[in-house]
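# Please work out how this folds:
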Amino acid sequence: MRKIDLLQAPFLKEMVATTTNLYRLGWDERNGGNISYLLTEEEVLPFLDIQQVIRRIPMIFDATQLIGKYFIVTGSGKYFKNVIDDPAANLGVVRIASDGRTLELLWGLENDAVPTSELPSHLMSHIARLEVDPENRVIMHNHATHLLAMTFTHELDEKSFTRTLWQMCTECLVVFPDGVSIIPWIVPGTNEIGEATAAKMKEARLVMWPYHGVYGAGKDMDEVFGLIETAEKAAQVYTYVQAQGGVKQTITDENLWKLARAFKVEPRLGYLTE
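Numbering: from 1, shown residues only. Coordinates of the predicted model:
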């Protein structure tokens with residue numbers, strides 16, 4: 001059967017639209033930020049010959065738990081602003097090989113490009129999220145400006161950080177009732193930062209990398225983008241509130257409980273007073 005041009009694939013169009021939007025918002029300057037999107041074989045088959053492996057790329061991480069899984073990923077050193085004009089040079093479709101330590105490139109990453117250096121962190125987070133949410137498909141990392149700024153000015157206590165964001169916009173508790181987790185500063189691109197992030201991903205879909213950026217996870221691209229977008233808006237409001245002299249009044253815990261009951265969400269245990 002003749003394959004359809006991959007540029008027509010819905011998942012490719014999502015990646016192009018999302019990377020373009022992230023660059024537009026200033027959250028992915030230069031080659032900052034990365035995305036990995038777990039695909040089903042059924043999604044890939046109309047567009048690619050899955051027996052045709054272009055090349056094999058070794059990894060520093062053992063992804064045995066993901067053997068045979070397909071991902072579309074952003075490339076290492078690639079600028080999000082260029083994805084829309086040349087997807088094949090800046091993105092790649094890969095499959096985890098049978099040894100768990102090799103990527104089989106099926107499309108893209110032209111001119112010997114390789115996936116983002118954060119791919120081990122992404123794969124660890126996929127594994128962690130799939131354990132608590134079998135429908136998880138997207139891991140997104142970017143440098144959302146106001147969230148990043150907050151890691152310099154706000155205490156890096158998960159409960160306090162989360163509560164501040166919940167109090168900045170009424171919708172926040174509804175969008176991320178599981179709160180925000182925070183890891184220590186760790187060198188990016190290492191297994192160490194991936195392991196720390198994955199551990200936190202088991203309890204929350206948002207993980208802050210202090211002085212660096214944010215990791216988000218979810219079922220689809222819209223959910224993850226919207227998750228980070230909502231937290232970033234709250235951080236922006238926090239920035240304005242601080243510039244205007246600090247909080248004079250805010251959403252009370254009583255009101256947050258009312259909100260939780262109205263929208264049938266469970267706030268992270270212990271984060272609100274009874």
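
# Tell me where the chain is predicted with low confidence.
By pLDDT under 70, the weakly predicted segments of the chain are 1-2.

# What are the boundaries of the strands in it?
With DSSP state E, the ranges of strands along the chain come out as 34-39, 55-58, 70-74, 91-96, 102-108, 138-142, 180-182, 206-209, 213-218.

# Deepest-packed of those, please.
strand 138-142 (a mean of 28; mean count of other Cβ atoms under 10 Å). Yep, even glycine has a C-beta here, placed from its N, CA and C like the rest.

# now that strand and strand 70-74, what's the angle there?
Orientation check (axes from the mean of the first three to the mean of the last three Cα atoms, to 10 degrees): strand 138-142 against strand 70-74 gives 10 degrees.

# CA atoms only: put strand 138-142 into CSV for me.
Taking C-alpha atoms only, strand 138-142 is exported to CSV below (Å, rounded to 0.1, in the frame of the first residue of the first chain):
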residue,chain,number,x,y,z
VAL,A,138,3.2,13.6,26.0
ILE,A,139,6.2,15.0,27.9
MET,A,140,6.9,18.7,27.3
HIS,A,141,9.8,20.8,28.7
ASN,A,142,10.1,24.5,28.2
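
# you'd agree residue 126 is up against residue 139?
Yes. Under the criterion of Cβ atoms under 8 Å, residue 126 lies in contact with residue 139, with a separation of 5.9 Å.

# Now do the shared contacts for those two.
Counting by Cβ atoms under 8 Å, 6 or more residues apart in numbering, the residues touching both residue 126 and residue 139 are residue 36.

# how about the strands of the chain in CSV, adding distance to residue 158?
What follows is those, written out as CSV (distance: least, Cβ to Cβ, whole Å):
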stretch, distance to residue 158
strand 34-39, 23
strand 55-58, 35
strand 70-74, 28
strand 91-96, 31
strand 102-108, 33
strand 138-142, 18
strand 180-182, 5
strand 206-209, 9
strand 213-218, 13
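
# Of those, which is nearest residue 116?
Each of these has some distance to residue 116 by Cβ to Cβ; the shortest is strand 34-39, at 3.8 Å.

# Can you list the strands that the closest one pairs with?
strand 70-74 (antiparallel), strand 138-142 (antiparallel) (DSSP bridges).

# who's in contact with the first one?
Taking Cβ under 8 Å, 6+ apart as the criterion, the residues outside strand 70-74 that touch it are 11-12, 15, 19, 33-41, 43-44, 80, 83, 90-96, 106, 115-116, 119, 122.

# circling back: quick one: closest of the strands of the chain to residue 155.
So among the strands of the chain, strand 180-182 is nearest, using Cβ to Cβ, at 10.0 Å.

# Provide the contact partners of that closest one at residue level.
Contacts for strand 180-182 (Cβ under 8 Å, 6+ apart): 151, 156-158, 161-162, 165, 200-201, 203-204, 206-208, 210, 231.

# Residue 272: which of those residues is nearest?
residue 162 (10.0 Å).

# residues touching that closest one, list them.
Residue 162 neighbours (Cβ under 8 Å, 6+ apart): 179-180, 268, 271.

# what's the closest non-adjacent residue to it?
What sits nearest to residue 162 in space, not counting adjacent residues and going by Cβ to Cβ, 6 or more residues apart in numbering, is residue 179, at 3.7 Å.

# who's in contact with the one you found?
Residue 179 neighbours (Cβ under 8 Å, 6+ apart): 158-159, 162, 166, 204, 206, 267-268, 271.

# State whether residue 163 and residue 268 are indeed in contact, as I suppose.
No. Taking contacts as Cβ under 8 Å, residue 163 lies outside contact range of residue 268: 9.7 Å.

# For residue 146, grab the count of nearby residues.
17 (other Cβ atoms under 10 Å).

# Tell me the spacing between it and residue 213.
12 Å (Cβ to Cβ, to the nearest Å).

# Fine by me, we can end here.
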